[in-house]
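Student: Here is my input; please provide its structure:
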Amino acid sequence: MSGEKFCGIYLYHIGNGNSDGVNTRELRTYAESLPGVGFVWDSREYPVMDAARLLTDIRKNNIQKVILAGNSPGFAKSFFTKVMLSAGNKAKDVSLVSFSEFNVLGREDISRAKALILCAVKDVPFEMVAVPEEVPVHPDTLVIGGGIAGIQAALELADAGNKVFLLEKSGTIGGHMAMFDKTFPTLDCAACILTPKMVEVGQHVNIELITCSELKSVSGQAGNFRVKILKKARYVSLSTCIGCGTCSTKCPVKVPSEFDAGTTMRKAIFIPFPQAVPNKYLIDPVNCTYIRDQKCGVCAKVCPVEGCINYEENDEEIEIQVGNIIVATGFRLFDARRDDRFGYGKFPSVLTSLEFERLVNAGGPTGGEIRQPVVDKKGNRVFTLDGKEPQRLALIHCIGSRDVNFNRYCSRVCCMYSLKLAHLVREKLPEAEVYEYFIDMRAFGKGYEEFYRRIQHEGVHIIRGRTAKVEEKNGRLLLRTEDILNDDLIEQEVDMVILAAGLEAREDARELGKMLGIATGEEGWFLEANSNTDPVNTYSGGISIAGVCQGPKDIPDTVAQASAAAARVIQSIITGKTRASLSEVSLESIEVNIRQYQ
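Tutor: Numbers count the residues shown, from 1 in each chain. Model (predicted):
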C-alpha cells in the first residue's frame, strides 16, 4: 500500500436495536464510498472483542483514525483505543458518532445517519453544517400542559410582554405538583410555592388560559403554526359561576377524586381542589346522571345564578395562530397493579406514593392525619378519620423502575420523595416504626445527600435490599424482603406499605409527538435536539420541550428547563426569526456546506 492514511468506520449497534433501525447495508455502502475511508466494519458481522483481527485490519489498511458510529458507541471506545495504541496510533484518533444523540432512530433517519458519518470523516461538527433556514416568526406562543413546567414557561413569556395560550386537559392548572404536600430537600410547602404562580397565570393579561381542552391538529411550519383546539364543554359558565358550592353540596353522585388519587370521593359537579385556577365548577359528563340519562338535574335547580349551568352546552373547536410551541405535558405514575408482587389493588393498605402524598396533606381526605383505609357503604376504599393509625409502615423503592420487566431506567425522584414521606410519617406519628427498603440511594441534587443523612438520624430504618413480595397474614401485611448489608432474609409484619412508583411517559405522548413532529425514545419520552448542547429544542423547528415530558426530573430541574425553553422562544420573538426544522435539512445541503471547511 501507499503511505496514504485512511479512516476506518465501525458501525456499532445500529439504530435503536429494533428491526426498524437504520438500513445498515445502505449506510455501509455510503460510508465505503467516502474519500479517505479505508475500511468499514459492521458489529453484526464483526465481534467487537476480536482484537487480533481488528489490529490486522488496521495495519493492513493503514487506518490512522477510527470512527465508532451507532447507538451508545462509547461502550466500545476503550477497546478500540487499546487496539489503536497497539497499532502505533494515539488515543485521540478514536472518535464517536452517537446516533441516539441526534435522533437517528429508524429507517426514515438514514440521511441524517449518513450526514453524521460524513461530518465525522471530514472532522467538521454536524451542528456547523446542518443549519436550517431562518423564517419569520409569529409573536404568539402556545404552551401545552398546565403543570409547573407549563406555568413557569407561560409566566416567563408573558412577563416579557408576549401573548401566551396555555392549554390544559383538565379543569385546572397545577399538575402533579399541586397534589404534593412538601418538596424535598427543604420540606417547603408545595402549595405555597405553586399557588401564587397559578393565581398569577389566571390574572395575567398576556395569558389566555384554555382548560378542559385538547390539541386536535397542528398545521403550518416553524414560525407560523395554525393550531386547532377542542374545547370540551364544562357545562358551567366560567363568566357567571360564583363558586358558591351549592350545586356540589346537593349533587347525589359520588366518584373517586382524581386530584386526591382516589383516596376520597368527589361529586359529579365539582372544583378539582379548593385552590384550582380557574376556581369554577365543572360537570363530569361521564358520571353526571342528567347528561348521561336525563335524570336528576338538581344542580341546575339549586344554582343561585340563572343560566349558569347548561346541560346542552357542546364541545367547541377553536383555531389559533402561533409562532412557537412549548410542550410541557408531564408524566403519568407507573400503575403499581402491573407488578402484582406488591399487592396493590388487592390489599387496601398498600398505597402508591401519590396516594400517600394526599393522605399526609392538610388539604387531603383526613386533614393530614395518617389513617388506614376503610370501605364505605358502596364498597369504595376511602380514607377518613375513622380509620386506625398505622403503627408500622414500610416504604418500598423502585416500583416499575430499574426493572427489566417494566422500565429499565431510574425515575430519579423516587428515592428522595420516599425519604421525604418517611420524615413526614415520623413527624405525624412519632411512635410509629418506619422501614425503608431501597436498592441504591440516588441522592443526586443540591442538598439531597445531606437530606438523606438527616433522615438516617430520625429513627427511620433504611435497609438496602429488594422486596420480593407483599402478602397478608393475620390482618396485617407481611413483607418478604432482604437486608443485603447484613446478609439476611426478612419476614416483617407492617400495617401499611407505600410503593415508590416510578414515572412514565404519558399514554398519549407518541400520538402527540406524531402530530407535532417530535420523536419519542424507546420509553416514550420526547427527544430533544441534543441532550448535551440543546436540551430544550427539538428537530421540529419552533417546537420546544420542557419538564418531565422529556424524561424523569425533579421540580428544580423542571423549572430551569421551562425557563430555558421560554428564553429560546423570547429570543426568536425579539429577532423576529426562528429556524425551520432541522429534520428538513438535506444530506445534499450538508455536503455543500462541508466544502467551505475543506
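
Student: any low-confidence regions in this structure?
Tutor: 1-4, 13-20 (pLDDT under 70).

Student: most residues in a single helix of it, which one?
Tutor: Using DSSP state H, we find that the single longest helix of the chain is helix 555-575.

Student: Heading C-terminal from it, find the next helix or strand.
Tutor: Next helix or strand after helix 555-575 toward the C-terminus (DSSP states H and E): strand 577-579.

Student: Name every strand pairing with that next one and say which way it goes.
Tutor: As defined by DSSP bridges, the strand partners of strand 577-579 come to strand 134-136 (antiparallel).

Student: And the contacts of the strand it pairs with?
Tutor: Under the contact criterion Cβ atoms under 8 Å, 6 or more residues apart in numbering, strand 134-136 has outside partners 221-224, 541, 576-580. From N, CA and C alone the C-beta is placed, and that goes for glycine too.

Student: so how far is the helix or strand just after that strand from its chain's centroid?
Tutor: Toward the C-terminus, strand 134-136 is succeeded by strand 141-144 as the next helix or strand (DSSP H and E). Centre-to-centre, strand 141-144 and its host chain are 17 Å apart (Cα atoms, centre = their mean, to the nearest Å).

Student: In strand 141-144, which residues are buried?
Tutor: Along strand 141-144, these residues count as buried under the neighbour rule (16 or more other Cβ atoms under 10 Å): 141-144.

Student: So the closest residue to residue 461 other than its chain neighbours: helix, strand or coil?
Tutor: Spatial nearest neighbour of residue 461, chain neighbours left out: residue 435 (4.6 Å); criterion: Cβ to Cβ, 6 or more residues apart in numbering. State at residue 435, reduced to three classes by DSSP: H, G, I helix; E, B strand; the rest coil: strand.

Student: Figure out the length between the terminal residues of stretch 518-525.
Tutor: 10 Å (Cα to Cα, to the nearest Å).

Student: In that stretch, which residues are buried?
Tutor: Under 16+ other Cβ under 10 Å, the buried positions of stretch 518-525 are 518-521, 524-525.

Student: still on that earlier bit, can you give me the neighbour number for the residue nearest to residue 461?
Tutor: The tally of other residues near residue 435 (other Cβ atoms under 10 Å) stands at 21.

Student: same thing with residue 36?
Tutor: So residue 36, with other Cβ under 10 Å, has 12 neighbours.

Student: Repeat that for residue 286.
Tutor: Using other Cβ under 10 Å, the number of residues around residue 286 comes to 9.

Student: Just say helix, strand or coil for it.
Tutor: Recorded secondary structure, residue 286: coil (three-state DSSP).

Student: How about it, nearest residue that isn't a chain neighbour?
Tutor: In space, residue 286 comes closest to residue 292 once its chain neighbours are excluded; the distance is 7.3 Å by Cβ to Cβ, 6+ apart.

Student: and what of residue 334?
Tutor: That would be residue 400: by Cβ to Cβ, 6+ apart, it lies 3.3 Å from residue 334.

Student: Would you enumerate the residues in contact with the one you found?
Tutor: Residue 400 neighbours (Cβ under 8 Å, 6+ apart): 334-336, 338-339, 406-407, 411, 501-502, 504.

Student: Now a PyMOL select for only the buried ones of those.
Tutor: Typed into PyMOL, the next command selects the buried ones out of the contacts of residue 400 (criterion: 16+ other Cβ under 10 Å):
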select buried, resi 334+336+339+406+407+411+501+502+504
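
Student: so of the contacts of residue 400, which ones are in strands?
Tutor: Counting by DSSP state E, the contacts of residue 400 place 501, 504 in strands.

Student: need the contacts of residue 400 in CSV with distance to residue 34, can you?
Tutor: Below are those laid out as CSV (distance: Cβ to Cβ, whole Å):
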residue, distance to residue 34
334, 45
335, 48
336, 51
338, 47
339, 49
406, 42
407, 39
411, 42
501, 49
502, 43
504, 41
